[in-house]
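Asks: Here is my input, please return the structure:
(one chain, ligands or ions: 1)
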Amino acid sequence: MQWTVRLETTTSAGEVKTTELVTFSRPAVVSTLAEIGLVLDETKALLAKLQASMLCGQVAEHAAHHRVCAACGVLQPLEDRRTRRLQTLFGTVEVEAPRFKVCRCCQSTPTAEAATFSPVCALVTARCKPELERVQAELGARTSFRDAARILDTLLPASPARHESVRNRTHAVALRIEADDRQAAAEVVAVRNEPNKAAAAAEHRPVVMLDGAYIRALPGHQVRNFEAVCGKVEHEGHPARRFALVRSVADQLHALLRVALLDQGWREGDAVTAISDGDPALPALVRSATGGPVEPILDWFHLSMRVHHVEQVMRGLCALEPPLAPLGRARVDVERLRHLLWNGHHDKACEALGRITSEAKDAIMPNNPTFEAKARRLVARCTELRAYVENNEGTLIDYGQRYRAGKPISTSRAEGTVNQLVNARMNKRRQMRWSPRGAHRVLQVRAALLDGRFGHQPIQLAA
Ligand SMILES: [Zn+2]
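Replies: Residues are numbered from 1 along each chain as shown. I've put the predicted structure just below:
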């Protein structure tokens, strides 16, 4: 059996042309399932032929249309014929790009050498179609450049199917996203002058959740790991917006955060809440991006983890045989810690930590080695927690009250962002090493993909 695929083209002038694209043939009697229907290689060949026919036809008509002088209607003389190569999702196509002499009626000085123009070159301004670049960047942001190139090569006649090409296109798209962000961030936004609105804004201010993630650096870089700052901006009535940056290479890193805030309805002068772990650089970043008031809040999750460590050591001590009387008071204090910190009584929490530490130190001397090791660990954990609380004093709040008001108290959602943005693409399990610049650019595309800012449709990013 045989099939012939013919393409019927009707030009704008009404002329009909038929081109034979491909012929498929199969034996009269098939013996396996694989022999029935289209196969991938045939489909790729068909798509490539179809693309070449369509593209060349369209470009030829475009050139013919522009050859006619708009002023006098005369065909402009042909100067020479050139070709341009255009990469598409459906193969690389060589198109004719004729150059024409500009019509005499349009020349200011008829004696001068005629100027030329090429309507096809004016149209084909890049080496690839935007669609190919978009798909390469999307795949490159989702998975390794090599895998992305393999996927494209497996399914489509797209060319070139090399990982360098995927990487370069991903970087090119990232640079454009960043440039757009910078431009949007630089736009002057009218300051809000209505007091009622300002009061409402104070009540529902945007929340920036920040967290850091470490990425393994390529050999040859000064550091083994470098940090990427990931975050999410949430504001009532707006879809959350993610951002990510590698501080050392981000060009105007404030712009990235600023544009995320502007996108969320934030306006110059509005206060912002920043939730982060104890790293003072993170709220400072928000402050420099907004240039306005920032309410920093220490992330409850990071605080709670440290309380958990104290509780754990205490539980270990209590489980020892025989039961220990001397730590009776310390035990009560440890049980109160979480409650005290949750309700904003960090002074009382520090006092309690002081009591636990001294009681544990007193108890160390007369006891057995197992007990001693655990008691020392308790002292260490308590000292750690106390230092953490004292260092972050200005950012501790009444978490209970804020939680009951339905406001975020933790960066756990930012941590989800870290997982989605960084870990799923760059973590150690994948054995990948990155240059700070490369990581920064891939993160721009991934953030845009996750938010649905990339292309038009919101896209769910697979881990
Ligand atoms: Zn003319």
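
Asks: Now for the chain, the helix or strand with the poorest mean pLDDT.
Replies: Least confident helix or strand, the chain: helix 195-203 with a mean of 55, by mean pLDDT, DSSP states H and E.

Asks: I'd like the next helix or strand past that one.
Replies: strand 207-216 (DSSP states H and E).

Asks: mind checking how far that following strand is from the chain centre?
Replies: Centre-to-centre, strand 207-216 and its host chain are 12 Å apart (C-alpha atoms, centre = their mean, to the nearest Å).

Asks: ok, so what distance separates residue 105 from residue 186?
Replies: Noted for residue 105: a distance of 45 Å to residue 186, by C-beta to C-beta, to the nearest Å. Quick note: C-beta positions are derived from backbone N, CA and C, even for glycine.

Asks: Revised request: answer the last question for residue 276.
Replies: If you go by C-beta to C-beta, the gap between residue 276 and residue 186 works out to 26 Å.

Asks: Enumerate the residues of the stretch 1-150 of the chain near the ion.
Replies: Selection of the stretch 1-150 of the chain residues close to the ion by C-beta under 5 Å from the ion yields 69, 71-72, 103, 105.

Asks: ranges for the helices of the stretch 151-300 of the chain?
Replies: Along the stretch 151-300 of the chain, counting by DSSP state H, counting those that start in this stretch, helices occupy 163-186, 195-203, 253-263, 281-290, 300-318.

Asks: quick check: angle from the third one to helix 281-290?
Replies: This points to helix 253-263. 70 degrees (axes from the mean of the first three to the mean of the last three C-alpha atoms, to 10 degrees).

Asks: Which secondary structure elements does helix 253-263 sit against?
Replies: helix 163-186, strand 225-234, strand 241-245, helix 281-290 (3 or more C-beta pairs under 8 Å, 6 or more residues apart in numbering; DSSP states H and E).

Asks: Could you do the longest one as well?
Replies: Secondary-structure packing of helix 163-186 (3+ C-beta pairs under 8 Å, 6+ apart): helix 130-142, helix 145-155, helix 253-263, helix 436-451.

Asks: so which of those helices is the most packed in?
Replies: Among these, helix 436-451 has the highest mean neighbour count (mean count of other C-beta atoms under 10 Å), at a mean of 24.

Asks: Would you mind extracting the C-alpha trace of that one into PDB?
Replies: Extracted in PDB, the C-alpha atoms of helix 436-451 (Å, rounded to 0.1, in the frame of the first residue of the first chain):
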ATOM      1  CA  PRO A 436      26.900  31.900  38.900                       C
ATOM      2  CA  ARG A 437      25.900  33.600  35.700                       C
ATOM      3  CA  GLY A 438      24.500  30.400  34.100                       C
ATOM      4  CA  ALA A 439      22.500  29.600  37.200                       C
ATOM      5  CA  HIS A 440      21.200  33.100  37.500                       C
ATOM      6  CA  ARG A 441      19.900  33.100  33.900                       C
ATOM      7  CA  VAL A 442      18.200  29.700  34.200                       C
ATOM      8  CA  LEU A 443      16.600  30.900  37.400                       C
ATOM      9  CA  GLN A 444      15.100  33.800  35.500                       C
ATOM     10  CA  VAL A 445      13.400  31.500  33.000                       C
ATOM     11  CA  ARG A 446      12.300  29.100  35.700                       C
ATOM     12  CA  ALA A 447      10.700  31.800  37.800                       C
ATOM     13  CA  ALA A 448       8.900  33.100  34.800                       C
ATOM     14  CA  LEU A 449       7.700  29.600  33.900                       C
ATOM     15  CA  LEU A 450       6.400  28.900  37.400                       C
ATOM     16  CA  ASP A 451       4.500  32.200  37.500                       C
END
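
Asks: Let's test this: mean pLDDT of it, rounded?
Replies: Helix 436-451 shows a mean pLDDT of 89.

Asks: Stretch 136-153 now?
Replies: On average, stretch 136-153 scores 91.

Asks: who's more crowded, residue 276 and residue 186?
Replies: Set residue 276 next to residue 186 and count neighbours by other C-beta atoms under 10 Å: residue 276 wins out with 28 against 11.

Asks: so that one bridges to which residues?
Replies: residue 298 (DSSP bridges).

Asks: wait, it sits on residue 285?
Replies: No: counting by C-beta atoms under 8 Å, residue 285 is not a contact partner of residue 276; they are 9.0 Å apart.
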